[in-house]
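Engineer: please work out how this folds:
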Amino acid sequence: MAATQRTTAEGRGPVRYGPPAPQPGLPVLPELVSVLAAAAGRAAPEPVGGGRSVREAACRYWGRRGLATTPENVIAGPGAPALLLALIGAYGGDVLLPRPCPAWWTPQVRLLGRRAYHVPTPAECGGVPDPYALLETVRRVRAEGGDPRLLLLSVADDPTATVPPPEMLREACEAAESAGLFVVSDESWRDTLHRPHETLVLSPAEMLPDQAAVLVDLAGSLLPAGWPAAVVRFPGTPRGTWLRARTLDVLTATGALTAGPVAGAAAYALDEPVAVAERARAAAALHGAVAAAAHRELLAVGALARPPRAGRHVYADLTPLRAGLARQGVGDAMELEDWLGGRLGAPTPGGQRFADESVALRVRLSTGPLLGADPGERLAALTARDPLELPHVRRSLERLGSVLRGLA
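Structural biologist: Numbering: from 1, shown residues only. Model prediction:
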């Protein structure tokens, strides 16, 4: 059963049917397969928090991005959800999140019995809260007896596929600092920039070195989704040391251990050898080209969408097509998810999955299904000089355009 499917009897929208992150749709890199296969006989898992090899590789990864750190300030674990759950559980307090935000963030906060407060994003981008709205939300929550302590944000966003401009990120970080919030920056998608030489990505850890942790899910760009591995960088401060120790306690209690062979592949990928780096760049460029084409199809019929800058998706607002959708019996994002997914033959999670308003007719369109129906077609798209000229890619985009034009 697809991740976003459900039966009528089970009702609409339970967490277990939440959408997965957009997948690359590409065959696993042969070099990664070789590394994993060589370690397949390793029966023991990594120690809690990851072995030194993967943590040192993470330090080198961040060092190449201007974030010096030491293995003692790093934790590795079996995927970003396990690490974020442990970190939120360790820190305590209520959590502020941008609206929209990744589908898996809000359920984690609520699972821990914490309150989640969503703050609107600026018009220019997603991923970060509007600074003035953030300060007002913190003031209101505290006046009502709440205890906001954490701010989650992303510098390359799922679902909006945008990258916040440096000045916008700086203003959000300054607002968080003045409000006394600790920042957790999800940077899993920063290595999927469509035009890396034209897009500047900064980390809150550069602006708030004592007040920000960085989370990277390696499935974002370096490993297949089925090989769960992620890393967290903590500040090299007494509070960072305290938070890392508390996070390790939660990981120990939940048995969140990384499989030994996967940890070896993670360490290899974090060092970004030529094969890994070239695949990441080629995949980002491919998804960028297809995302830009899908974006053009949306704008051609009057739909709204911010230009995609990173990732494997486009976040579309079909509210201008409300009359056409009403003729199809579609009145909200939940109905749009079902209707559009059925027409396109691929999951199209509605905005309600991302804490957006259900009355707004928004969906996340993934580019992976547009690359082809099988691994051979998708690999051909990766190696093509112009993937948009391939017949199977053209057909996928034409199908999207045809469905949209039928609503205009």
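
Engineer: pLDDT below threshold where in the stretch 1-150 of the chain?
Structural biologist: Within the stretch 1-150 of the chain, the ranges that satisfy pLDDT under 70 run 1-16.

Engineer: now do the strands in it.
Structural biologist: With DSSP state E, counting those that start in this stretch as the criterion, the stretch 1-150 of the chain has strands at 74-77, 94-99, 116-120, 148-154.

Engineer: can you get me a residue count around the nearest residue to residue 108 once chain neighbours are set aside?
Structural biologist: Closest residue to residue 108 apart from its sequence neighbours, by Cβ to Cβ, 6 or more residues apart in numbering: residue 85 at 5.1 Å. (C-beta placed from N, C-alpha, C; glycine too.) By other Cβ atoms under 10 Å, the residues close to residue 85 number 23.

Engineer: what do you get for the one 10 residues further on?
Structural biologist: A count of neighbours around residue 95, defined by other Cβ under 10 Å, yields 24.

Engineer: and the residue nearest to residue 317 when sequence neighbours are not counted, what does it touch?
Structural biologist: Leaving out its chain neighbours, the residue that sits closest to residue 317 by Cβ to Cβ, 6+ apart is residue 304, at 4.0 Å. Residues near residue 304 by Cβ atoms under 8 Å, 6 or more residues apart in numbering: 298, 316, 317, 318, 319, 320.

Engineer: closest to the centroid, which residue in this structure?
Structural biologist: Geometric centre of the chain, nearest residue: residue 158, 4.3 Å, by Cα atoms, centre = their mean.

Engineer: so what's it closest to, chain neighbours aside?
Structural biologist: In space, and not counting its chain neighbours, residue 158 is closest to residue 102: 5.0 Å by Cβ to Cβ, 6+ apart.

Engineer: am I right that the residue nearest to the centre of the chain is in contact with residue 311?
Structural biologist: Yes: judged on Cβ atoms under 8 Å, residue 158 makes contact with residue 311 at a distance of 6.0 Å.

Engineer: residues shared between the contacts of the two?
Structural biologist: Common neighbours of residue 158 and residue 311, counting by Cβ under 8 Å, 6+ apart, are 22, 189.

Engineer: for the helix ranked longest in the chain, the distance to its chain's centre please.
Structural biologist: The single longest helix within the chain, with elements called by DSSP state H, is helix 274-300. A distance of 16 Å separates the centroid of the chain from that of helix 274-300, by Cα atoms, centre = their mean, to the nearest Å.

Engineer: same for that helix, what does it pack against?
Structural biologist: For helix 274-300, the elements it packs on are helix 30-38, strand 304-305, strand 313-317, helix 375-383, helix 391-405, judged by 3 or more Cβ pairs under 8 Å, 6 or more residues apart in numbering; DSSP states H and E.

Engineer: avg pLDDT for the fourth one?
Structural biologist: For helix 375-383, the mean pLDDT works out to 95.

Engineer: what packs against that helix?
Structural biologist: helix 274-300, helix 391-405.

Engineer: can you show me the helices along the stretch 101-250 of the chain?
Structural biologist: Secondary structure of the stretch 101-250 of the chain (DSSP state H, counting those that start in this stretch): helices at 105-111, 131-143, 166-178, 204-207, 238-254.

Engineer: hey, which of those helices is tucked in deepest?
Structural biologist: Each of those was scored by mean neighbour count; the highest is helix 204-207, a mean of 21, by mean count of other Cβ atoms under 10 Å.

Engineer: got the contact list for that one?
Structural biologist: By Cβ under 8 Å, 6+ apart, the residues outside helix 204-207 that reach it are 66-67, 153, 155, 169-170, 173-174, 176, 183, 185, 212-214, 233, 235.

Engineer: cool, and stretch 314-326?
Structural biologist: Counting by Cβ under 8 Å, 6+ apart, 100, 126, 159-161, 291, 294-295, 298, 301-306, 308, 331, 336, 339, 360-365, 367, 404, 406-408 sit against stretch 314-326.

Engineer: pull the contacting residues for the spatially most distant residue from the centre of the chain.
Structural biologist: Most distant residue from the mean C-alpha position of the chain: residue 327, 33.4 Å away (Cα atoms, centre = their mean). Listed by Cβ under 8 Å, 6+ apart, residue 327 has no contact partners.

Engineer: give me phi/psi at it?
Structural biologist: In terms of degrees, to the nearest 10, the main-chain angles of residue 327 are phi -60, psi -20.

Engineer: any idea how far residue 406 is from it?
Structural biologist: 9 Å (Cβ to Cβ, to the nearest Å).

Engineer: returning to what we had before: make JSON lines from the helices and strands packed on helix 274-300 and add distance to residue 343 to it.
Structural biologist: Formatted as JSON lines, the helices and strands packed on helix 274-300 follow (distance: least, Cβ to Cβ, whole Å):
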{"stretch": "helix 30-38", "distance to residue 343": "35"}
{"stretch": "strand 304-305", "distance to residue 343": "18"}
{"stretch": "strand 313-317", "distance to residue 343": "14"}
{"stretch": "helix 375-383", "distance to residue 343": "21"}
{"stretch": "helix 391-405", "distance to residue 343": "5"}
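
Engineer: so which of the ones you listed gets nearest residue 135?
Structural biologist: Closest to residue 135 of those, according to Cβ to Cβ: strand 313-317, at 25.5 Å.

Engineer: what angle do the closest one and helix 274-300 make?
Structural biologist: Interaxial angle, strand 313-317 versus helix 274-300 (axes from the mean of the first three to the mean of the last three Cα atoms, to 10 degrees): 20 degrees.

Engineer: are any of the contacts of stretch 314-326 buried, and which?
Structural biologist: Among those, those scoring as buried are 100, 126, 159-161, 291, 294-295, 298, 301, 303, 305-306, 308, 336, 339, 360-365, 367, 404, 407 (criterion: 16 or more other Cβ atoms under 10 Å).

Engineer: how about the contacts made by residue 66?
Structural biologist: By Cβ under 8 Å, 6+ apart, the residues touching residue 66 are residue 206.

Engineer: phi, psi of it?
Structural biologist: Dihedral angles for residue 66 - degrees, to the nearest 10 - are phi 80, psi 10.

Engineer: mind checking how far residue 77 is from residue 272?
Structural biologist: From residue 77 to residue 272 the distance is 20 Å (Cβ to Cβ).

Engineer: of those two, give the one with the bigger neighbour count.
Structural biologist: When residue 77 and residue 272 are compared for neighbours, residue 77 comes out ahead with 30 against 17, by other Cβ under 10 Å.

Engineer: great, nothing more from me.
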